[in-house]
Structures are given as C-alpha cells and as structure tokens.
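A.B. asks: This is a predicted model, with the sequence first.
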Amino acid sequence: MDAVYSSNKSQAAPFDEISVIARSADEVRKAHLSLGNKPLIVLTSGRSDADSSWHRMQLELLTHSPNSKRIVVENSGHRIQNERPEVVIAAIRDVVEKSRQP
C-alpha cells in the first residue's frame, strides 16, 4: 500500500526554508565579508538562474572578492555536483591553481 503523509507542517517546510535563506543572505550582506583577493567561483544552476531573487543573491556573492567569476551551469538543478560533476571539478581545480599563484 502506497501512502502519502501530508500535514500543515510538511507543507510549510519549503516556505520556512526560503525565509531562512533570505535571512541568511541579509546577515551575510550586513557582515560585509571579504575574501580579499582570494579566488572565488560561484556556480549557478541553469534552472535556478531565471529566479530574480536567486540571481541577485548569486551576483552578490561575487562582491566578496575582486578575483571572482560566476559560471551558469546549463542543464543543472540544485545539485550541480551530481548532475554536472565535471564543472564542479574544473571549478575546484581552477581555484586551487589560482590559490597557488603568488
């Protein structure tokens, strides 16, 4: 027998998660965090990039280092590391290589 459990709590969970993300983003903005000139690569899901608030938060991450770039990973959702691991591996290698440069 297949059963689906649904409650007000389980239906409200995604909305709670969204509000926590928004609060967290506000905290980061207010902290004025800086990575100095350390390399930073922001990987953005191609499917999420159309959402204007998510797009804005991704762009804000770039302000933490002047040595940053953003890659929109086409054909990927929230789990880029599972759907496009080659892009994640290349980004990690790029950051490591740039970190080793004087």
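C.D. replies: Happy to help now that I have it.
A.B. asks: alpha carbons only for contacts and neighbour counts from here, please
C.D. replies: Noted.
A.B. asks: All the strands of this protein, residue numbers only.
C.D. replies: Assigned by DSSP state E, the chain shows strands spanning 40-45, 68-73.
A.B. asks: Nearest to Gln101 among those would be which one?
C.D. replies: Among the strands of the chain, the nearest to Gln101 by C-alpha to C-alpha is strand 40-45 (14.0 Å).
A.B. asks: which residues sit against the closest one?
C.D. replies: Strand 40-45 is contacted from outside by 58, 61-62, 65, 67-78, 80, 88, 91, 95, using C-alpha atoms under 8 Å, 6 or more residues apart in numbering.
A.B. asks: Show me where the chain dips below the pLDDT cut-off.
C.D. replies: Along the chain, the parts satisfying pLDDT under 70 run over 1-16, 28.
A.B. asks: Is Ile80 in contact with Ile89, as I believe?
C.D. replies: No: using C-alpha atoms under 8 Å, Ile80 and Ile89 do not qualify as a contacting pair, with a distance of 10.7 Å.
A.B. asks: one step back: just the buried ones from the contacts of strand 40-45?
C.D. replies: Neighbour counting by 16 or more other C-alpha atoms under 10 Å classes 58, 61-62, 65, 68, 73, 76-77, 80, 88, 91 among these as buried.
A.B. asks: so can I have TSV of those residues showing distance to Gly36?
C.D. replies: TSV is the format used below for the buried ones among the contacts of strand 40-45 (distance: C-alpha to C-alpha, whole Å):
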residue	distance to Gly36
Gln58	18
Leu61	13
Leu62	12
Ser65	6
Ser68	10
Val73	25
Ser76	30
Gly77	30
Ile80	26
Val88	22
Ala91	19
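A.B. asks: Keep only those of those that are in helices.
C.D. replies: Those of these mapping onto helices are 58, 61, 80, 88, 91, per DSSP state H.
A.B. asks: If you drop the residues flanking it in sequence, what lies closest to the last one?
C.D. replies: When the adjacent residues along the chain are set aside, Ala91 lies closest to Ile41, with 6.7 Å between them (C-alpha to C-alpha, 6 or more residues apart in numbering).
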